[in-house]
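Chemist: Dropping the sequence and predicted coords here.
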Amino acid sequence: MVMPAEQAGVADSGQQAPAKIEVKDLSIHYGSDFTALSEVSLQIRENEIFGIIGPANAGKTSFLKSLNRMDDFTAGMRISGDILFNDINIRAVRNVYALRSRIGVVFPLPVGLPLTIYDNVALAPRLRGINEKAELDVIVERCLERAALWDEVKDRLNALGSLLSGGQQQRLTIARALSQEPEVLMLDEFSIAVDPVTTMRIEDVLKELKQEMTIILVTNLVQQAHRLADRTAFFLNGQCVEIGDTEDLFSGNVKDSKTQDYIEGRFG
């Protein structure tokens, strides 16, 4: 169920920001008998942090997978409905690599490539044809700074990224995603393997990045959604139960009692 349009996000000017991603009647099935999501419709707007909360097996990760065609790698995953990115149906996009470069993703656990710190971040620019070292140096430094990691690694860029601590590897993953210059950054439980101090540092980074891109934040930590998200969607049993302004939801202004129960920790 989706809230009326007037309860969606509002831009600083008092007008709604345009939709970056629009999902219409999205259903996701695995195999022949399991439905992960059923007829979800929603809009994610430009330059907002859009939070998605809900218990395990609510369909949150499957939703993210559908947004940049990760289902292409998942056997038995079937999708119906429409997903529009900048008004273009992503199912019709032929250059999937180009699509994924515009919709970056950070997974729950750091996925470090067996490369140096420098090469982890420089990989995507090189794939775009950027090979001048001076230009790569600028990109690597900028992305590591934006991921709040530069000061910690600037003197050991040639060390393996896999030798970093868990929190540093997660920030390296964010830097690598940013090196693609995405328009949308999706984070799936980014703080599972990260200590609280590093989590807060990454949250500060996300607040700044919102000025440049749209961020989709899937989290089981409802207070993290409260701290970061402009609007929040509550998923349960494959349904989008409710979407609303985050402050409204956390102030008890909900349309479905199950949303309130989850936010207050009565289940989940």
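Modeler: Everything's here; your move.
Chemist: Run through who's touching the helix or strand harbouring L136.
Modeler: For L136, the enclosing helix or strand under DSSP states H and E is helix 133-146. Applying C-beta atoms under 8 Å, 6 or more residues apart in numbering, the contact partners of helix 133-146 are 117-118, 121-122, 125-126, 130, 150, 153-154, 157, 172, 175-176, 178-179, 205, 208-209. Every C-beta, even on glycine, is put in place using the N, C-alpha and C of the backbone.
Chemist: mind redoing it with 10 Å?
Modeler: Helix 133-146 is contacted from outside by 117-122, 124-126, 130, 132, 149-154, 157, 171-172, 174-181, 205, 208-209, 212, using C-beta atoms under 10 Å, 6 or more residues apart in numbering.
Chemist: Restricted to helices, list these.
Modeler: 117-122, 124-126, 150-153, 171-172, 174-178, 205, 208-209 (DSSP state H).
Chemist: May I have the beta-bridge partners of I44?
Modeler: Legend: beta-bridge partners of I44 under DSSP bridges are I21.
Chemist: Next one: it from F34, what distance?
Modeler: 25 Å (C-beta to C-beta, to the nearest Å).
Chemist: Point out where the stretch 1-150 of the chain drops to low pLDDT.
Modeler: 1-15, 112 (pLDDT under 70).
Chemist: roughly how far apart are the residue positioned nearest the centre of the chain and K133?
Modeler: For the chain, the residue nearest the mean C-alpha position is M186 (1.4 Å; C-alpha atoms, centre = their mean). Distance, M186 to K133, by C-beta to C-beta: 31 Å.
Chemist: now N95
Modeler: When N95 is compared with K133 (using C-beta to C-beta), they lie 28 Å apart.
Chemist: now do P125
Modeler: 11 Å.
Chemist: quick one: which of those two has more around it?
Modeler: Higher neighbour count among P125 and K133: P125, with 20 against 10, using other C-beta atoms under 10 Å.
Chemist: For the nearest residue to the more buried one once chain neighbours are set aside, grab the count of nearby residues.
Modeler: Counting by C-beta to C-beta, 6 or more residues apart in numbering, the nearest residue to P125 once its immediate chain neighbours are dropped is I139, at 5.2 Å. Residues lying near I139 (other C-beta under 10 Å) number 19.
Chemist: measure I139 to P55 for me?
Modeler: For I139, the distance to P55 (C-beta to C-beta) stands at 39 Å.
Chemist: The residue nearest to N89 when sequence neighbours are not counted: what secondary structure?
Modeler: Leaving aside its sequence neighbours, N89 sits nearest to D82 (C-beta to C-beta, 6+ apart; 5.8 Å). When classified by DSSP: H, G, I helix; E, B strand; the rest coil, D82 comes out as strand.
Chemist: Distance-wise, check D82 relative to V197.
Modeler: 41 Å.
Chemist: got it, and N95?
Modeler: For N95 relative to V197 (C-beta to C-beta), the value is 40 Å.
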